[in-house]
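Asks: Quick one: sequence and predicted model below, then my questions.
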Amino acid sequence: MSVTDTKGRSAQSVEVPRGLAGVVVAQTSIGDVLGDEGRYHYRGHDAIELARAGDFERAWHLIVLGSLPDADADARFREHVAALRTPPPEVRQFVTDAAARHLDPLRGLQATLPVLAAARGARPLYDLDDEARVEEALTVAAAGPGILAAFHRARAGLDPWPATSSSAGVVEDYLSRVTGGEPDERAIRALSAYLIATLDHGFNASTFTARVIASTGAEMPSCIVGALGALSGPLHGGAPSRALDALDAVTSPGVDRIETYLRGELSAGRRLMGFGHAVYRTADPRSRLLRQVALEFGGPRVELAVEYERVAERLLAEYKPGRELHTNVEFYAAVVMEQCGIPREMFTPTFALARIVGWTAHVLEQAHDSKIIRPSSRYVP
């Protein structure tokens, strides 16, 4: 079959599955998700092992700059990105004003990134050399956590831009801003593990969105704004809080109580948020990691989550035989973030904090390809 391209010429079309499932659309050296094996990596380094190590800046350096830094490079990188955390005064004022109009953190970041671009005189990626592109990537990713936290704080009636220690790492600084207190080491380790584990995960909807925009040669902030829009959907990054809603519906441990609730959901044909994944045909390795992290906190809420998981997987096997359906990253991510003191409305923004780093790496990679991403469609009268 042929289609007509934008210049009226006949071109061969290729039939692909809905949602582009299994279709290779680009090459990448950033990472790979091996769904059948239940593992994934960042530039050849096991992502779960990096998450267990708990050093967010080192993982950031690996993803964006291509290698794990030695001691000197590590110190320089930390100092550089720490200096980029606080945006220019006009950006801080915009955030303060926008938050007063009750803009939520994720939408607030989407609205603020163009302001940051204007304040810095950002130029299209097409017009920049590699060094300038990397600086754009680091600037956007470094400013993101503070902007997200500022919107949250302003909505809570707190100073959006509190004085914080420049020596604190990204995770400690973010937790301090969001919770309004000094985070303990267990919370820092737990959130670090989660954020590192979610830096990148193949060509998911938001990552692909960022690369499509990057293929036009647009500014770095524009690529990230588009990716944030994709991430906000409940079928993508918007699900962690919904997974916690399910635990609220059960309220307390008890197999009978949990089973009654879950049978009701499954019989009604409703999806169990936090279960199943588009790629993994085994247990999601991120979920296994975060389950361990949650168990280190302990307590009734974690016990409820573990029991809920057991009953849900048993019933999913009954209602959907032949399909491997396990918890995905969102289920235990919700539990871990709650234990770290992060409010529910900040779950998806916190997920975005990590993904922005991965998106910028993909944008940098896509910027080296001069071919715009422009698929075809079939008209159906």
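Replies: Everything's here; your move.

Asks: contacts and neighbour counts: CA atoms only from here.
Replies: Fine.

Asks: If we go by neighbour counts, what in the helix ranked longest in the chain is buried?
Replies: As assigned by DSSP state H, the longest helix anywhere in the chain is helix 130-155. Neighbour counts over helix 130-155 (16 or more other C-alpha atoms under 10 Å) mark 133-134, 136-155 as buried.

Asks: now stretch 319-331
Replies: Neighbour-count burial for stretch 319-331 [16+ other C-alpha under 10 Å]: 324-331.

Asks: Gln292: how many residues sit nearby?
Replies: Number of residues near Gln292 (other C-alpha atoms under 10 Å) recorded here: 14.

Asks: what's the helix or strand for it?
Replies: Secondary structure assigned from DSSP states H and E places Gln292 in helix 285-297.

Asks: Tyr40 too?
Replies: Using DSSP H and E, Tyr40 falls in strand 39-42.

Asks: Who are the packing partners of that strand?
Replies: strand 31-34, helix 47-53 (3 or more C-alpha pairs under 8 Å, 6 or more residues apart in numbering; DSSP states H and E).

Asks: one more time with 6 Å, if that's ok
Replies: When contacts are defined as 3 or more C-alpha pairs under 6 Å, 6 or more residues apart in numbering; DSSP states H and E, strand 39-42 packs onto strand 31-34.

Asks: Report the buried residues of the strand it packs on.
Replies: 31-33.

Asks: What of stretch 58-76?
Replies: Buried residues in stretch 58-76, counted by 16+ other C-alpha under 10 Å: 58-64, 67-69.

Asks: so which of the residues you listed would you say is closest to Lys371?
Replies: The shortest approach to Lys371 among the buried residues of stretch 58-76 belongs to Val64, at 21.6 Å (C-alpha to C-alpha).

Asks: pLDDT below threshold where in the stretch 251-381 of the chain?
Replies: 252-255, 278, 280-281 (pLDDT under 70).

Asks: I'd like the list of the buried residues of stretch 319-331 that fall within helices, please.
Replies: 329-331.

Asks: Which single one of the residues you listed is nearest to His236?
Replies: Each of those was scored against His236 by C-alpha to C-alpha, and Glu330 proved nearest at 9.4 Å.

Asks: So the closest one sits against Leu272, correct?
Replies: No. Between Glu330 and Leu272 there is no contact under C-alpha atoms under 6 Å: 11.3 Å.

Asks: any shared contact partners between the two?
Replies: Counting by C-alpha atoms under 6 Å, 6 or more residues apart in numbering, no residue touches both Glu330 and Leu272.

Asks: And the strands in this structure, which stretches?
Replies: Along the chain, counting by DSSP state E, strands occupy 2-4, 10-12, 31-34, 39-42, 45-46.

Asks: what packs against the helix holding Gln292?
Replies: Helix 285-297 packs on helix 329-339, going by 3+ C-alpha pairs under 6 Å, 6+ apart.

Asks: hmm, who's touching the helix it packs on?
Replies: Outside helix 329-339, the residues touching it (C-alpha under 6 Å, 6+ apart) are 240, 243, 274, 286-287, 290-291, 294.

Asks: for stretch 141-150, same thing?
Replies: 81, 84-85, 105, 160, 177-178, 353, 356-357.

Asks: Now that we have the residues you listed, can you turn them into JSON lines and tack on distance to Leu113 and neighbour count?
Replies: Listed next are the contacts of stretch 141-150 as JSON lines, based on distance: C-alpha to C-alpha, whole Å; neighbours: other C-alpha atoms under 10 Å:
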{"residue": "Val81", "distance to Leu113": "17", "neighbour count": "19"}
{"residue": "Leu84", "distance to Leu113": "14", "neighbour count": "17"}
{"residue": "Arg85", "distance to Leu113": "13", "neighbour count": "21"}
{"residue": "Pro105", "distance to Leu113": "12", "neighbour count": "27"}
{"residue": "Pro160", "distance to Leu113": "17", "neighbour count": "24"}
{"residue": "Arg177", "distance to Leu113": "19", "neighbour count": "26"}
{"residue": "Val178", "distance to Leu113": "20", "neighbour count": "23"}
{"residue": "Leu353", "distance to Leu113": "13", "neighbour count": "25"}
{"residue": "Ile356", "distance to Leu113": "12", "neighbour count": "27"}
{"residue": "Val357", "distance to Leu113": "14", "neighbour count": "26"}
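
Asks: low-scoring pLDDT stretches of the stretch 1-150 of the chain, where are they?
Replies: In the stretch 1-150 of the chain, residues with pLDDT under 70: 1-11.

Asks: Which residues are in contact with Leu195?
Replies: Here Leu195 is in contact with Ala354 (C-alpha under 6 Å, 6+ apart).

Asks: now Tyr319
Replies: Applying C-alpha under 6 Å, 6+ apart, no residues contact Tyr319.
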